[in-house]
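Peer 1: The amino acid sequence is not available; the structure is as follows:
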C-alpha cells in the first residue's frame, strides 16, 4: 500500500473528481448516519448481541492466508489463496463474481490479477443500496522498508498489510450468514494493490482502478464503501483520514462514535491522521463515497506500523484485541 502526504493540488484534483461524480441522493442518504451519534449505549449493545464478532475466528482466517505464503500475483500462493477466498465466501452463502484481468505494473510485469466481488443478501429489500466492504488481498513483492537491505528483494508475508482486512471481512461475512442485516452487504477483495513504486501514484491500487472502470454489475452504485487496511497490528490506532473526511464525513462520524461507545476509543481516537493514497481514493474518483480505516500514528515520522513492508509483517505482530476492536465496531455499525 502506498502512504504519502499528498500536495494540496492533488488533494483538490481528487476531491473535485469525486464530488462531481457523486449524486446528491447518495450524499443525502449518508446524512442518516449522523443519527448514530445520538444513539444510546443500550441501543448499540442490543445491536451487538445480534451477531457478535469472534476475534479467534478472524485470527484463524488471517493465519490461513499467511499459511499459503506471500500472496504475490503470478505465484502459486496467490492462486491458491484466491481459490480459498472464493470458496469461503460461497460457503457463507454469498454470490460471487470474479474479475480476472492482466494488469501491467510500473516495471512492465504483467500481473494476473483477480478481484473477488460478492454479495450477502439482506433480510428485506434487495433494492436497497448496499454497503461495500473492501480490503486488498495481495502482498508486497519486496520488503523494501526492511531495516536490513538484504531483505529488500524478499516478499512480505502481509499478515497485517492485506490479510488482516480480509480476515475481518470474512468473519463479518460468517456472522451475517447466520443473521443478515436488513440491507445487502457487498464485499470486494481487491488485487494488485501493493505492486507499486514511490513517486508513481498511478502504480498502486491497480485492482481497484480496474474495478471502477469495469464494474461487475452495470450501474453498480453502493451507498458507501468502507476500506480496511492494516487492521490487526499490535498497538494500532485508526485516525480519521483526509480523503475519507471529504468524501463521507457522516459515515466516519458514525463508525468512530460506535467504536467509542463499545469501549474501543483508544483504537479509534477522534483526531485527524493524514491524507493516504489507498484503494478508497479510486472509489472516490468514481463517485462512490468511501472511507479508509487504516492504522496511522501521527506522532511517528513514518506514521505506519513499524512492520509495514518488512519481512516482520508476520503473525508475531498481530493482535486479536485489534481485530476485535475493528470487527465488533463494524458489525455493530452495520446492524444499527
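Peer 2: Yep, it's here. Quick caveat: nothing in here was measured; it's all calculated off a predicted structure.
Peer 1: And for the closest residue to residue 75 other than its chain neighbours, the neighbour number?
Peer 2: Computed as Cβ to Cβ, 6 or more residues apart in numbering, the closest residue to residue 75 that is not its neighbour in sequence is residue 69, at 7.4 Å. To be clear about C-beta, it is placed using only N, CA and C from the backbone, and glycine gets the same treatment. Around residue 69 there are 17 other residues, counting by other Cβ atoms under 10 Å.
Peer 1: Over to residue 236?
Peer 2: Burial of residue 236, expressed as a neighbour count using other Cβ under 10 Å, amounts to 25.
Peer 1: The host helix or strand of residue 226: partners in the sheet, and parallel or antiparallel?
Peer 2: Secondary structure here is read from DSSP states H and E; on that basis residue 226 sits in strand 224-229. Partner strands and pairing direction for strand 224-229 (DSSP bridges) are strand 131-136 (parallel), strand 290-294 (parallel).
Peer 1: closest one to residue 161 among those?
Peer 2: Taking Cβ to Cβ as the criterion, strand 131-136 is the member of the strands paired with strand 224-229 that comes nearest to residue 161, at 8.5 Å.
Peer 1: Which stretches in the stretch 1-150 of the chain count as strands?
Peer 2: When assigned using DSSP state E, counting those that start in this stretch, the strands of the stretch 1-150 of the chain occupy the ranges 95-104, 110-120, 131-136.
Peer 1: and among those, the most buried is which?
Peer 2: Between these, the one whose residues have the most neighbours on average, counting mean count of other Cβ atoms under 10 Å, is strand 131-136 (a mean of 26).
Peer 1: Name the surrounding residues that touch it.
Peer 2: Contact with strand 131-136 is made by 1, 162, 164-166, 168-169, 172, 183, 185-191, 193-194, 205, 207-208, 222-229, 279, 283, 288, 330, 334, as judged by Cβ atoms under 8 Å, 6 or more residues apart in numbering.
Peer 1: Try it again at 7 Å.
Peer 2: 162, 165-166, 169, 172, 183, 185-190, 193-194, 207, 222-229, 279, 334 (Cβ atoms under 7 Å, 6 or more residues apart in numbering).
Peer 1: among those residues, which are in strands?
Peer 2: Among the contacts of strand 131-136, the members falling in strands (DSSP state E) are 185-190, 224-229.
Peer 1: Kindly reformat those residues as TSV containing distance to residue 153.
Peer 2: Listed next are these as TSV, based on distance: Cβ to Cβ, whole Å:
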residue	distance to residue 153
185	39
186	37
187	33
188	30
189	26
190	25
224	39
225	34
226	34
227	29
228	28
229	24
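Peer 1: Of those, just say which sits nearest to residue 130.
Peer 2: Compare each of the ones in strands among the contacts of strand 131-136 with residue 130 using Cβ to Cβ and the shortest gap goes to residue 186, at 4.4 Å.
Peer 1: Report the contact partners of residue 70.
Peer 2: By Cβ under 7 Å, 6+ apart, the contact set of residue 70 is 77, 139, 155-158.
Peer 1: Mind picking the one among these that's closest to residue 124?
Peer 2: Within those, the smallest distance to residue 124 is 37.0 Å, found for residue 158 (Cβ to Cβ).
Peer 1: so what's that closest one closest to, chain neighbours aside?
Peer 2: Of all residues apart from its sequence neighbours, residue 139 sits closest to residue 158 (Cβ to Cβ, 6+ apart), at 3.7 Å.
Peer 1: Before we move on, what's the pLDDT of that neighbour?
Peer 2: pLDDT for residue 139: 98.
Peer 1: Tell me the first helix or strand C-terminal of the strand holding residue 226.
Peer 2: Past strand 224-229, heading to the C-terminal end, the next element that is a helix or strand (DSSP H and E) is helix 242-247.
Peer 1: you'd agree residue 242 is up against residue 274?
Peer 2: Yes. Counting by Cβ atoms under 7 Å, residue 242 sits close enough to residue 274 to count as a contact (6.3 Å).
Peer 1: is residue 135 in a bridge, and if so with what?
Peer 2: residue 189.
Peer 1: ok, it to residue 291 distance?
Peer 2: Distance check for residue 135 against residue 291: by Cβ to Cβ, to the nearest Å, it reads 13 Å.
Peer 1: Then residue 327?
Peer 2: Relative to residue 291, residue 327 is positioned 16 Å away (criterion: Cβ to Cβ).
Peer 1: got any residues that touch both of residue 135 and residue 291?
Peer 2: By Cβ under 7 Å, 6+ apart, residue 135 and residue 291 have these common neighbours: residue 227.
Peer 1: Sweet, I'm off.
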